[in-house]
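A.B. asks: Quick check, what structure comes out for this input:
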Amino acid sequence: MIDSEVTIVSESGEHRFEVEVARAVEEQARGLMYRQGLASDAGMLFDYGRPRNIAMWMRNTYIPLDMIFIGADWRITRIVERTVPLSLATVASEGPVRAVLEVNAGTASRLGIRPGDRVIHEGAGSGDSR
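C.D. replies: The predicted structure follows:
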């Protein structure tokens, strides 16, 4: 896992999150499983490198989450709020996405984060900013 920062630019302002970046298949498969808590300004970014349809679930995940789906242009395409811990129900991107940001449940609503908002991520080692 790589520690990095993600900023979401919305009508309500800029919202920064300290994130672990899951790039390897093994990291993406494990995600936030087995964790008992997550700081309010923390999250996990699943960076798939190129757009694809994504389906996730909450198996072995004890923390309720908001899943923020991010398109190739680094804009939010979909938000699934307050996922149910331990659920095996599929949460789908409903179209190709580049990345998914998982944060504590209720964060998107509390901060006014919406589809269309811009996501800025300076990838560790890549030096790029979006």
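A.B. asks: lowest-pLDDT helix or strand in the protein?
C.D. replies: Among the helices and strands of the chain, helix 25-30 carries the lowest confidence by mean pLDDT, DSSP states H and E, at a mean of 87.
A.B. asks: Now do the buried residues in that helix.
C.D. replies: Along helix 25-30, these residues count as buried under the neighbour rule (16 or more other Cβ atoms under 10 Å): 27-28, 30. (C-beta placed from N, C-alpha, C; glycine too.)
A.B. asks: next one: stretch 3-14
C.D. replies: Residues of stretch 3-14 classed as buried: 4, 6, 8, 10 (neighbour count, 16+ other Cβ under 10 Å).
A.B. asks: quick one: the last one and Arg114 touch, right?
C.D. replies: Yes - the pair Ser10 / Arg114 is scored as a contact, 6.4 Å apart, by Cβ atoms under 8 Å.
A.B. asks: and Ile113, what is it in contact with?
C.D. replies: When contacts are counted by Cβ atoms under 8 Å, 6 or more residues apart in numbering, Ile113 touches 8, 10, 12, 15, 68, 76, 79, 107.
A.B. asks: The last one: how many residues sit nearby?
C.D. replies: In terms of burial, Thr107 registers 24 neighbours under the definition other Cβ atoms under 10 Å.
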